[in-house]
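J.: No letters, just coordinates:
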């Protein structure tokens, strides 16, 4: 098969488009022919400095396609079925193998490209808001990086739950597009101080739940705009800035909570998140939620696609198409 591979971590130019051995389909596995790869933020961070499970390495969490083989013990999927899959790596390729428990059948009415964009962003957004953020109707949610995959999902889910939804983005144009998805108030973090804006928009109270994918100094400042008993959930380092310490002294007197989150752990250690993701696939197929696809690149253009994401121009998902 062909794959976008690299031999060392670094910038987008480390990618090579090469012929590599097909993956083996062992007991409990599902082998798919990839039709769409949704590039996740974690994919770009892994390429930049993550561990190399093997060399050459194929990066990538999430992709969708058609089943071409199933291993022993898999009796509820068959050749020709459409599925979306997640895994620790291996999505940037023509073929991908993963365990059956990390595959979701694609409902009728949902395109393979749309399905490829669902598990990680919608699963992460749902858990950050509700399982760990405990968001309730009438509360205020602040979503950082509103134009990202998780941001687009979180805005829709928070609005559907009856919350007031605030989000940050890098321009008024991007915030205007987010209003169509349910955003109540947008904050241009380039031209304004988001802490001051959140306080102003909430009459000084602050946000009840904050979903922070940026990390670094952004996470530190998120703590300053939490409401009393507010919950801040951190799940990423998109800002690529890692402070040596995090000052939590403002949290104690206000009975606030800071939670770290990783979807992979929830998928590995239980069944709850698997069912939650399946429900989102059904809701998107039914038109109750929507996926936003920004651009498509050929698989051999993986370097260009990663560079485009890192330029912060994307609105929604960026796909690779083998």
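T.: Sure, I can see it. All values derive from a computational prediction rather than experimental measurement.
J.: I would like the residues contacting stretch 121-131, please.
T.: Identification of contacts with stretch 121-131 by CB atoms under 8 Å, 6 or more residues apart in numbering yields 38, 40, 135, 141, 148-154, 157-158, 161, 209, 211, 233, 235, 261, 263, 266-267, 272-273, 276-277, 280, 284, 289, 317. Backbone N, C-alpha and C define where each C-beta goes, glycine included.
J.: to the chain's geometric centre, what's the distance from that stretch?
T.: Taking the mean C-alpha point of stretch 121-131 and that of its whole chain, the gap between them comes to 9 Å (CA atoms, centre = their mean, to the nearest Å).
J.: and stretch 41-48, average pLDDT?
T.: For stretch 41-48, the mean pLDDT works out to 93.
J.: So which of the contacts of stretch 121-131 belong to strands?
T.: 38, 141, 209, 211, 233, 317 (DSSP state E).
J.: Out of those, which is nearest to residue 302?
T.: residue 38 (12.8 Å; CB to CB).
J.: Show the contacting residues for that closest one.
T.: The contact partners of residue 38, by CB under 8 Å, 6+ apart, come to 62, 63, 64, 116, 117, 120, 121, 149, 317, 318, 319.
J.: Skip ahead from the helix or strand encompassing residue 43 and say which helix or strand is next.
T.: Element membership for residue 43 (DSSP states H and E) is helix 41-49. Next helix or strand after helix 41-49 toward the C-terminus (DSSP H and E): strand 62-70.
J.: now for that next one, which elements pack on it?
T.: If you count contacts as 3 or more CB pairs under 8 Å, 6 or more residues apart in numbering; DSSP states H and E, strand 62-70 packs onto strand 29-38, strand 82-86, strand 95-99, helix 112-115.
J.: quick one: buried residues of that strand?
T.: Neighbour counts over strand 62-70 (16 or more other CB atoms under 10 Å) mark 62, 63, 64, 65, 67, 68, 69, 70 as buried.
J.: quick check, nearest of those residues to residue 252?
T.: For the buried residues of strand 62-70, the residue nearest residue 252 by CB to CB is residue 62; the value is 38.1 Å.
J.: For the ones in strands among the contacts of stretch 121-131, name the two members farthest from one another.
T.: Greatest spacing in those, by CB to CB: 38 and 209 (25.0 Å).
J.: Highest neighbour count among the ones in strands among the contacts of stretch 121-131?
T.: Counting neighbours by other CB atoms under 10 Å, residue 211 leads those with 34 neighbours.
J.: who does it bridge with?
T.: residue 143, residue 233 (DSSP bridges).
J.: Point out where the chain drops to low pLDDT.
T.: Applying pLDDT under 70 to the chain flags the ranges 242-244.
J.: So for it, which residue is the most central one in space?
T.: Nearest to the mean C-alpha position of the chain, by CA atoms, centre = their mean, lies residue 121 at 3.2 Å.
J.: And what about that residue, helix, strand or coil?
T.: Classification of residue 121 using DSSP: H, G, I helix; E, B strand; the rest coil returns helix.
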